[in-house]
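Peer 1: could you work out the structure for the sequence below:
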Amino acid sequence: MDTRPPLPFEVSGFDPRYHDTLGDALGDLDLFGIEGLHTQPFSLGRVDGVPAGIKLVGETGGWRVGLLGVQDQARPGPALGADLRNGFVARVTRRLFEAAHLGFIFTSGDPESGTQARTVGVDLQVRARGGLVGTVWVQETDNEVTVPGDDRAWGLLLRYPDSTHDVEFRHAHTGAAFDPVLGQVNRRGADDTRLRYRLSGALLGTDRWSLAHRLEAQQVRSTEDEEASGHLTLALLEGQSVGGERLEGFVSGHREVLVKGFDLAERLTVAPGEYTYTRYGVNLSTSRFDRWLLGIQIARGDYLQGQRQDWRVTSAWQAADWLQLDAAFTVREHRQPSGAFTAKTLTVNSEMSLLPGWSLSPGVQFNNVNEELGLKARLTWRAGPGRELLLDWNRTVLRNLEDRLVAPLQDSVLRGSYRLRF
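Peer 2: Residues are numbered from 1 along each chain as shown. All right, here's what the predicted structure looks like:
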């Protein structure tokens, strides 16, 4: 019997064009999530016009309910006036007994095209004695513009964690015609199988360090052709201290079967074929410095037809009680028979807590591949739980053919939410 108190119903409005995180659109309850689900039929994405969104979450009669709707007023048509395009998502769950949950999901509409589109699904999660957890789910889509074919997706997740062992197995099948237009699919027409095992324990003779070993395997096979990819990764050693230091060394073997070639970069093509290669690396992080957290990741080895070396440096600095800075610098060096290139990315983000309830979060990112500089800033005012006002500003600066810096893209939006409980 479920003894948890029922959730009060909450209603909030939002602008679905500009939610860049799941929490912006769905709130902190995440009633739409399904553990082990590889598709996300709940992200409404960016639409045209001036849309309005509304969300309702709560509980009634033992059912937890999440409803999400959006209406987009597109450009007026020649005879019918405004073309209203709607999207709707419903997610309901119920505890069957102490260790089982049953859930349903339904989506309807396509605000971007205005065509008929639907997704229906059911999922069941069971927690057995001893800590074993199992989840199964099935979904099917019915879309007006989708090419006929396999429009179903299903998955299975099994996990057994305890203080020493953590075992997880998952498999997901996604049909080539499965298309939840209100969401996204990692890859259609594929079978994805994953296995992970982690063995952990305390270092002998000390209680400050814990050690672990991890094995991960994944295989993805196309249901339409012979294309496939897979890897087997062994973390030879994972160490973590009470003070926050982390150390990991790993080696991984990969196999790729490419039916079609692709471009790693401009004028650098990878030909179709079968490739096997091995990579290895280390990850280090420490918080020993005052108000500093530093991390280094290094990986190198073969990659497809040639070699690749990656390294990444990250840092977080609590400069003051009201200011935090985060930075990351990534370098990827590719050497293939058809050529070589080095991709570099620098990202700097910050958060400044101004007056009570106010915060400013500016950031910048640059990469040398397309010489694009991205600038962003978010000003936030939080008046209380579920009541906030945000001003987002984004600008992209890039180099044109005359070798001059131009800024053709700029976007800013003022959005807010106000949550009502009843």
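
Peer 1: low-confidence stretches in the stretch 251-400 of the chain?
Peer 2: 267, 288, 385-386, 398-400 (pLDDT under 70).

Peer 1: and the strands in it, which stretches?
Peer 2: Taking DSSP state E, counting those that start in this stretch as the criterion, the stretch 251-400 of the chain contains strands spanning 262-265, 268-270, 273-286, 292-303, 306-320, 323-336, 339-353, 358-367, 372-384, 387-399.

Peer 1: which residues does the fifth one contact?
Peer 2: Right, the one you point to is strand 306-320. 279, 281, 285, 291-302, 324-337 (C-beta atoms under 8 Å, 6 or more residues apart in numbering). Backbone N, C-alpha and C define where each C-beta goes, glycine included.

Peer 1: could you dump the strands of the stretch 251-400 of the chain into CSV and include mean neighbour count and distance to Gly155?
Peer 2: Formatted as CSV, the strands of the stretch 251-400 of the chain follow (neighbours: other C-beta atoms under 10 Å; distance: least, C-beta to C-beta, whole Å):
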stretch, mean neighbour count, distance to Gly155
strand 262-265, 14, 27
strand 268-270, 16, 30
strand 273-286, 15, 28
strand 292-303, 16, 29
strand 306-320, 16, 30
strand 323-336, 16, 32
strand 339-353, 15, 33
strand 358-367, 15, 34
strand 372-384, 15, 35
strand 387-399, 16, 34
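
Peer 1: show me where the stretch 51-200 of the chain has strands.
Peer 2: 52-60, 63-73, 84-97, 100-109, 117-127, 133-143, 152-161, 165-174, 184-185, 190-202.

Peer 1: got the ones you listed as a markdown table, with mean pLDDT and distance to Phe250 columns?
Peer 2: Output for those, formatted as a markdown table (pLDDT from 0 to 100; distance: least, C-beta to C-beta, whole Å):
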| stretch | mean pLDDT | distance to Phe250 |
| --- | --- | --- |
| strand 52-60 | 74 | 40 |
| strand 63-73 | 75 | 39 |
| strand 84-97 | 80 | 37 |
| strand 100-109 | 87 | 35 |
| strand 117-127 | 89 | 31 |
| strand 133-143 | 90 | 26 |
| strand 152-161 | 92 | 21 |
| strand 165-174 | 93 | 17 |
| strand 184-185 | 70 | 29 |
| strand 190-202 | 91 | 13 |
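
Peer 1: and Thr347, what does it touch?
Peer 2: Ala327, Ala328, Phe329, Gly363, Val364, Gln365.

Peer 1: is the second one in a bridge, and if so with what?
Peer 2: So the one you mean is Ala328. In this entry, Ala328 is beta-bridged to Thr314, Thr347, by DSSP bridges.

Peer 1: repeat that for Thr93.
Peer 2: On the basis of DSSP bridges, Thr93 is bridged to Arg64, Gly103.

Peer 1: now distance to Thr223 and mean neighbour count too, for the strands of the stretch 51-200 of the chain, in JSON lines please.
Peer 2: Output for the strands of the stretch 51-200 of the chain, formatted as JSON lines (distance: least, C-beta to C-beta, whole Å; neighbours: other C-beta atoms under 10 Å):
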{"stretch": "strand 52-60", "distance to Thr223": "35", "mean neighbour count": "18"}
{"stretch": "strand 63-73", "distance to Thr223": "31", "mean neighbour count": "20"}
{"stretch": "strand 84-97", "distance to Thr223": "27", "mean neighbour count": "18"}
{"stretch": "strand 100-109", "distance to Thr223": "23", "mean neighbour count": "19"}
{"stretch": "strand 117-127", "distance to Thr223": "19", "mean neighbour count": "19"}
{"stretch": "strand 133-143", "distance to Thr223": "16", "mean neighbour count": "19"}
{"stretch": "strand 152-161", "distance to Thr223": "11", "mean neighbour count": "18"}
{"stretch": "strand 165-174", "distance to Thr223": "8", "mean neighbour count": "18"}
{"stretch": "strand 184-185", "distance to Thr223": "13", "mean neighbour count": "15"}
{"stretch": "strand 190-202", "distance to Thr223": "6", "mean neighbour count": "15"}
